[in-house]
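**Student:** Can you look at this prediction? I've put the sequence above it.
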Amino acid sequence: MPEGRPAIPAELRRRVLVEAGHRCAIPTCRQHPVDIEHIEDWAKVQKHEFENLIALCPTCHRRKGNGPDQIDRKALRQYKANLAVLNSRYGDLERRVIELHARALQDGTADPTNPPLFGLGTGSVFHLMYLLQDDYLKQVPWPGGQITFGPLPAIEGYQFTPAGSEFVLRWAAAQPLDLPADTQ
């Protein structure tokens, strides 16, 4: 830490870490450990404020800047805003499903117009409730018929909708996230 610069208060550090799940705030990264970085440089603002702090892994921290292949301040502000949207609306399993779908879309193993089917254990509908309500995810029959455990279904099938794939792509690209109007 540069001389004369006060440490970020422990409670403020904790809030930033909790906001990002103790992982890098860049959705296509999510590595740990992380540094707490000022979006607008400390030298310019001379203060520690929650709105100006973001958790970044050392690699993404080094990529902060305005050059080619760097993460600019506008993108950092949008990543932080998107964290607030995701964290206020979606649960842990929903955020993990979003993350996995983003990776599949980016590496080309998923088609946004016809996303792959995935299965989760019975009762997962409760953990995916908001993605389903927002029409970003839909329940689909399991191919080849229902897999059961005794009289109960063992696996429930799910698939992202085209709107859900678009939402995930906007999130991964640091574009503004708009929740459906009836959820706000």
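**Tutor:** Thanks, I have the structure now. Residues are numbered from 1 along each chain as shown.

**Student:** Run through this structure and note the low-pLDDT ranges.
**Tutor:** Where the chain drops to pLDDT under 70, the residues are 1-3, 146, 152-153, 181-184.

**Student:** Grab the longest strand from it for me.
**Tutor:** strand 155-160 (DSSP state E).

**Student:** other SSEs contacting that one?
**Tutor:** When contacts are defined as 3 or more Cβ pairs under 8 Å, 6 or more residues apart in numbering; DSSP states H and E, strand 155-160 packs onto strand 118-121, strand 137-140. (C-beta placed from N, C-alpha, C; glycine too.)

**Student:** how does it look with 10 Å?
**Tutor:** If you count contacts as 3 or more Cβ pairs under 10 Å, 6 or more residues apart in numbering; DSSP states H and E, strand 155-160 packs onto helix 92-106, strand 118-121, helix 129-133, strand 137-140, helix 162-172.

**Student:** Let me have the ones you listed in a markdown table, adding distance to Leu17 and mean neighbour count as columns.
**Tutor:** Formatted as a markdown table, those follow (distance: least, Cβ to Cβ, whole Å; neighbours: other Cβ atoms under 10 Å):
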| stretch | distance to Leu17 | mean neighbour count |
| --- | --- | --- |
| helix 92-106 | 16 | 18 |
| strand 118-121 | 28 | 14 |
| helix 129-133 | 24 | 17 |
| strand 137-140 | 28 | 16 |
| helix 162-172 | 20 | 19 |
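
**Student:** For Tyr79, find the nearest of these.
**Tutor:** helix 162-172 (9.1 Å; Cβ to Cβ).

**Student:** So which bits of the lengthiest helix in the chain are buried?
**Tutor:** Using DSSP state H, we find that the single longest helix of the chain is helix 73-89. Residues Ala75, Leu76, Arg77, Gln78, Tyr79, Lys80, Asn82, Leu83, Leu86, Arg89 are the ones in helix 73-89 that count as buried (16 or more other Cβ atoms under 10 Å).

**Student:** And for the second one, nearest residue in space, chain neighbours not counted?
**Tutor:** The one in question is Leu76. Ile39 (4.7 Å; Cβ to Cβ, 6 or more residues apart in numbering).

**Student:** before we move on, what about the last one?
**Tutor:** Excluding its sequence neighbours, the residue lying closest to Arg89 (Cβ to Cβ, 6+ apart) is Tyr130, at 5.6 Å.

**Student:** now do the third one
**Tutor:** On the basis of Cβ to Cβ, 6+ apart, the spatially nearest residue to Arg77 that is not a chain neighbour turns out to be Ile39, at 5.9 Å.

**Student:** And for that neighbour, the neighbour number?
**Tutor:** Ile39 has 20 neighbours, counted by other Cβ atoms under 10 Å.

**Student:** My read is that it contacts His61, right?
**Tutor:** No: the criterion here is Cβ atoms under 10 Å, and Ile39 misses it with His61 at 11.7 Å.

**Student:** I am finished for the moment; much appreciated.
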